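> Got a predicted structure here, sequence first:
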Amino acid sequence: MLDIKFVRENPDLVKENIKKKFQEHKLGLVDEVLDLDKKYRELIQKGDALRKDRNSFSSEIGNLMRQGKKEEAEEIKQKVVEINNQLVNNEELEKDYSEKIKGIMMRIPNIIHESVPIGEDDSKNVEVQKYGEPFVPEYEIPYHTDIMEKLAGIDLDAARRVAGNGFYYLIGNIARLHSAVLSYARDFMINKGFTYCIPPYMIRSDVVTGVMSFEEMDAMMYKIEGEDLYLIGTSEHSMIGKFKDQILDKNNLPYTMTSYSPCFRKEKGAHGIEERGVYRIHQFEKQEMIVVCEPEESYDWYDKMWSYTVELFRSLDIPVRTLECCSGDLADLKSKSVDVEAWSPRQQKYFEVGSCSNLTDAQSRRLGIRIKGENGNYFAHTLNNTVVAPPRMLIALLENNYNEDGSINIPVALRPYMGGLEKIEIVK
């Protein structure tokens, strides 16, 4: 959420930013919120004037009573009663305008970083760099769920009977591999100096609206019926929410945390064959990282964070690339974002396995996350990044370690988490 003062002083810049995000339908919001803001400030001034008059009359009443002029004092008292009634009405209008302003401000997108490429959708995202050499074996690599089934590692039919489409049972060594990836990612981030955390898996609505736009909320979140609780779509939601309404000590910054959680998402819309199986699902687990820091440090942390994901995948010998998200592909609260994509030798292309985002002070303004400064408090910057999100990551791991006989090589880094197992063999 932007500062209303910034919008007031830079309306053309805010409108141009909306155009860059291809959200022309929101252009009218700028003039609408500025009109409300003008009326709101006029109400504030009127309220101050009424309070000043009331204080003056109250003082006059005291003087009149001391002089024994009770009738005159009673007349002044009536004026005070009228002022109080006006103040009540004025304060109700102030509250109404304030809520309307906040509602509109939460729909105006964050200012994108000057380096963000301009484009209307993800087809205009720009490749930044490749890491590792993509490899395609001479033999055919089956679809990832076929690989898992031959290894007795997945049961989608049972999951459909129990929960419907978009769910799965992972079994045996595939389930173990899934857990090994998460444990390795946890330790990888702890070794980078991040504090490990397991957060709440449900959050209240004021946290939901604090960490994401209304459009994202509708597309992603599951609501708990009858309660003010939502299932988290990523642990970033509850991790950033941890700092809600807090004034942070500069000496404790930055907060660098890595968190494990299950994630729950609606995943609305139809998707192609390569996004079925365990690629796009309603329930999965993830290791996440978040940073809460000084504003001037956020882009340094941004570069560190996505590089950690690249390093983790390369430590497992999986080729990856980074992809700069264009303006139209950025969620409203994001100022800059980069996707990390893993190589799929089956598809002979890259696919998304993680995303790193700098939200500058957009979440902090919504949630009231401030830093105590020498010359007044100011808003922190928040960032988030996927460390690893199996079982989607399993697709890349299985395909890049698939042998012609159907077995899977276990990367060296994961073997300690697999009890020393070097290979997963087909179950006959």
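Structure's in. What do you need? None of these values were measured; they are calculated from a predicted model.
> Let's see stretch 244-264 as PDB, backbone CA atoms only.
The C-alpha coordinates for stretch 244-264 follow below in PDB (Å, rounded to 0.1, in the frame of the first residue of the first chain):
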ATOM      1  CA  LYS A 244       2.200  -7.100  12.700                       C
ATOM      2  CA  ASP A 245       1.900  -3.800  14.600                       C
ATOM      3  CA  GLN A 246       5.400  -4.100  15.900                       C
ATOM      4  CA  ILE A 247       8.000  -1.300  16.300                       C
ATOM      5  CA  LEU A 248      11.300  -3.000  15.600                       C
ATOM      6  CA  ASP A 249      14.700  -2.100  17.200                       C
ATOM      7  CA  LYS A 250      17.200  -1.200  14.500                       C
ATOM      8  CA  ASN A 251      19.900  -3.200  16.400                       C
ATOM      9  CA  ASN A 252      17.900  -6.400  15.800                       C
ATOM     10  CA  LEU A 253      17.600  -5.900  12.000                       C
ATOM     11  CA  PRO A 254      17.600  -7.700   9.700                       C
ATOM     12  CA  TYR A 255      15.300 -10.500  10.600                       C
ATOM     13  CA  THR A 256      16.200 -13.400   8.400                       C
ATOM     14  CA  MET A 257      14.000 -16.500   8.900                       C
ATOM     15  CA  THR A 258      13.400 -19.800   7.100                       C
ATOM     16  CA  SER A 259      10.100 -21.500   7.700                       C
ATOM     17  CA  TYR A 260       8.500 -24.900   7.000                       C
ATOM     18  CA  SER A 261       4.800 -25.300   6.400                       C
ATOM     19  CA  PRO A 262       2.100 -27.100   4.500                       C
ATOM     20  CA  CYS A 263       0.500 -24.800   1.900                       C
ATOM     21  CA  PHE A 264      -3.100 -24.800   0.700                       C
END
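> what sits against the residue nearest to Asn401 when sequence neighbours are not counted?
Distances taken as Cβ to Cβ, 6 or more residues apart in numbering put Asn409 closest to Asn401, at 4.3 Å, once the chain neighbours are dropped. (Glycine included, C-beta is placed from N, CA and C.) By Cβ atoms under 8 Å, 6 or more residues apart in numbering, Asn409 lies in contact with Asn401, Asn403, Glu422, Lys423.
> what are the bridge partners for Asn409, then?
Asn409 has these beta-bridge partners by DSSP bridges: Lys423.
> Please pull out the lowest mean pLDDT helix or strand from this protein.
helix 214-220 (a mean of 84; mean pLDDT, DSSP states H and E).
> which element follows that one toward the C-terminus?
Using DSSP states H and E, the helix or strand that directly follows helix 214-220 along the chain is strand 222-223.
> Run me through the strand neighbours of the next helix or strand after that next one, direction for each.
Downstream of strand 222-223, the next assigned helix or strand under DSSP H and E is strand 230-231. When pairing is defined by DSSP bridges, strand 230-231 lines up against strand 202-203 (antiparallel), strand 222-223 (antiparallel).
> Out of these, which gets nearest to Ile174?
Smallest distance to Ile174 across the strands paired with strand 230-231 (Cβ to Cβ): 25.9 Å, for strand 222-223.
> State the mean pLDDT of that closest one.
In this model, strand 222-223 has a mean pLDDT of 94.
> Let me know the distance separating the residue sitting furthest away from the middle of the chain from Tyr255.
Each residue of the chain has a distance to the centre, and by Cα atoms, centre = their mean the biggest one is for Gly68: 66.5 Å. Gly68 sits 65 Å away from Tyr255, going by Cβ to Cβ, to the nearest Å.
> List the buried residues for the longest helix belonging to the chain?
Assignment by DSSP state H gives helix 27-66 as the longest helix of the chain. For helix 27-66, burial by neighbour count (16 or more other Cβ atoms under 10 Å) applies to 29-30, 33-34, 36-37, 40, 43, 47, 50, 54, 57, 61, 64.
> just the strands in the stretch 151-300 of the chain please.
Along the stretch 151-300 of the chain, the segments classed as strands by DSSP state E, counting those that start in this stretch run 154-155, 169-170, 195-197, 202-203, 222-223, 230-231, 247-249, 255-264, 283-293.
> what sits against Glu341?
Val320, Arg321, Thr322, Leu323, Tyr350, Phe351, Glu352, Val353.
> Can you give me the neighbour number for the first one?
In this case it means Val320. 25 (other Cβ atoms under 10 Å).
> now swap in the second one and tell me
A count of neighbours around Arg321, defined by other Cβ under 10 Å, yields 18.
> Repeat that for the last one.
Neighbouring residues of Val353 were enumerated by other Cβ under 10 Å; the total is 23.
> Kindly confirm my reading that it is in a strand.
Yes - in this structure, Val353 lies within a strand as judged by DSSP: H, G, I helix; E, B strand; the rest coil.
> so where is the protein shaky, pLDDT-wise?
268-276 (pLDDT under 70).
> right, and Trp301 touches Cys293 too?
Yes - Trp301 lies in contact with Cys293 (Cβ atoms under 8 Å); the separation is 5.7 Å.
> With distance to Val128 added, can I get the contacts of Glu341 in TSV?
Conversion of those to TSV gives the following (distance: Cβ to Cβ, whole Å):
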residue	distance to Val128
Val320	11
Arg321	7
Thr322	4
Leu323	7
Tyr350	12
Phe351	16
Glu352	14
Val353	15
